[in-house]
Each structure stands twice: as structure tokens, then as C-alpha cells.
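A.B. asks: Turn this into a structure:
(one chain, ligands or ions: 1)
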Amino acid sequence: MNYQDLKAELDKQQVTLLAVSKTKPVNDILKLYNLGQRDFGENRVQELLEKKDLLPNDIRWHLIGHLQKNKAKYLADFVYMIHSIDNLKLAGLVNKEASKVNRKINVLLQIKIAKEDSKFGYDWLQLLEDMDSLLHMEYLNIKGVMGMGTFTQDKLITHAEFEQLHDYYKILKEKYFMNSNSFSEISMGMSEDYKIALEHNTTIVRIGSLLFGSRT
Ligand SMILES: *Cc1c(COP(=O)(O)O)cnc(C)c1O
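C.D. replies: Purely as a prediction, here's the structure:
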């Protein structure tokens with residue numbers, strides 16, 4: 001799909017386009033950069049670090065994939081946002097690495113919404129139990145929630161899951177962030193389902209193959 005068309009469609013709805021560049025070469029990233037794109041997402045820390053070194057330093061790098069605990073330290077001093085905080089131990093580690101470089105890190109709480117047995121994402125009840133501890137981590141700037149829908153052609157399932165994530169967002173907002181403007185993001189929707197996500201008030205869509213072509 002044409003970058004400018006997609007960008008215009010999302011701008012109209014004040015939704016952030018996160019270009020997911022995993023497995024794609026830096027030249028592909030530069031092409032979009034030169035059209036004005038600044039938010040790029042990778043799902044592996046190593047790959048992100050390698051690309052970052054070769055690209056302009058005003059790119060906002062998002063980590064969207066599972067973060068191994070021993071890798072947090074490599075991201076702390078520059079990452080724009082980590083979308084994949086899904087347990088207390090990991091949150092604590094990111095908080096600690098952020099404190100070492102005296103920098104608040106934007107994070108999203110990844111919540112499990114897919115019915116399929118996905119390994120990653122907070123169990124909702126567990127997240128509620130952990131919220132007080134999370135709120136005490138002063139180097140985490142908790143910006144919102146992230147979720148991945150079931151990989152399915154059945155749009156009803158995707159609708160239900162995105163509605164669920166939006167409900168979770170609202171509950172957290174009302175319970176813990178009423179006096180804060182910073183909890184304002186819902187990261188949901190990918191190439192196949194971003195239009196459904198738009199119907200459920202997503203604020204960040206994570207688009208890879210639609211922009212860069214399919215991955216092999
Ligand atoms: C790969 C990936 C995407 C983008 O997927 P596309 O289907 O290529 O748009 C979005 N979110 C996460 C977490 C991913 O790993």
C-alpha cells in the first residue's frame with residue numbers, strides 16, 4: 001500500500017502509524033524516513049541495535065516483541081517505547097536499567113486478548129494484582145496498553161478481542177490514571193486487522209507487511 005495514503009488515513013483519525021520494519025533492510029526504512037516517517041518498530045533487540053547504528057538518530061524506535069530480561073540494558077538510554085511489558089519482573093528490570101541512565105522510559109502493558117494459547121501478554125487478573133507495584137516504578141512512564149488479536153479470518157473474533165482491549169484500557173484509566181494525561185495509548189491493529197482496530201479507537205497501529213511487502 002502507498003505510504004502517503006495510509007499515513008493520511010491515519011492522520012485524519014489522529015492515530016499513530018508505527019512502521020514495523022523487522023527483517024527489512026535499512027534502505028527500506030530510509031525510504032519511508034525520507035517521506036517523513038519517524039516511528040519504527042522492531043521485535044528483536046539485536047536487529048534493532050544494528051539498524052539504529054546505520055540510521056538517522058531522530059528515529060523513534062519502538063520495541064514491539066518479547067523482551068528478554070538480559071537485553072533491557074541495551075535499550076534503556078534511547079528506546080522511545082517498549083510495547084511488551086507483560087510481567088512484574090521484566091517491568092522491574094526495565095525500571096532498574098532506566099534508573100541507571102536516569103531516563104524515564106515509555107512503556108505499554110501488553111495484555112493477552114487472543115483466545116489462542118499465546119505465550120506472551122499479561123493475564124488481566126494478574127495485571128490488576130501487579131498494578132500497585134507497577135505504579136511505584138518511577139522510571140516507567142506507563143503510556144497505555146498493547147494487544148495482539150488472534151490470527152484469524154473471522155472478523156467477529158477480532159472485533160471482540162479489540163473491544164476487550166479497549167475495555168481493559170478504560171478500566172485501567174479510570175482506576176489508576178484519572179489524573180494523568182500520559183496514560184492515553186492503545187497499541188492494536190496490524191496489516192490484516194488495523195481497520196477493525198480503528199473502529200475500536202486504537203491510537204497506535206503497528207503495520208509491517210502492508211508497507212514493506214510480505215516477509216519471507
Ligand atoms: C510483525 C509484527 C507486527 C506487524 O505485522 P504485519 O502483519 O506485517 O503488519 C505488529 N505487531 C507485532 C508485535 C509484530 O511482531
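
A.B. asks: Could you tell me the model confidence score at the residue of the chain found nearest the ligand?
C.D. replies: Residue of the chain nearest the ligand, by CB to the nearest ligand atom: Gly208 (2.7 Å). To be clear about C-beta, it is placed using only N, CA and C from the backbone, and glycine gets the same treatment. We have a pLDDT of 97 for Gly208.

A.B. asks: Same check on Lys24?
C.D. replies: With respect to pLDDT, Lys24 scores 97.

A.B. asks: Count residues in the vicinity of the closest residue to it other than its chain neighbours, would you?
C.D. replies: Once flanking residues are discounted, Lys24 sits nearest to Phe212: 4.7 Å by CB to CB, 6 or more residues apart in numbering. Close neighbours of Phe212, defined as other CB atoms under 10 Å, add up to 21.

A.B. asks: likewise Met178?
C.D. replies: Per other CB under 10 Å, the neighbour tally for Met178 reads 8.

A.B. asks: what does the model give it for pLDDT?
C.D. replies: Met178 carries a pLDDT score of 94 in this model.

A.B. asks: And it, which helix or strand is it part of?
C.D. replies: Taking DSSP states H and E as the definition, one finds Met178 inside no helix or strand.

A.B. asks: Now the residue of the chain closest to the ligand: closest residue in space, sequence neighbours ignored.
C.D. replies: In space, Gly208 is closest to Val20, 3.5 Å off (CB to CB, 6+ apart).

A.B. asks: you'd agree the one you found is up against Gly41?
C.D. replies: Yes. Distance between Val20 and Gly41: 4.5 Å, which falls inside the contact criterion (CB atoms under 8 Å).

A.B. asks: joint contacts of those two?
C.D. replies: Here Val20 and Gly41 have 64, 206, 208 as joint contacts, going by CB atoms under 8 Å, 6 or more residues apart in numbering.
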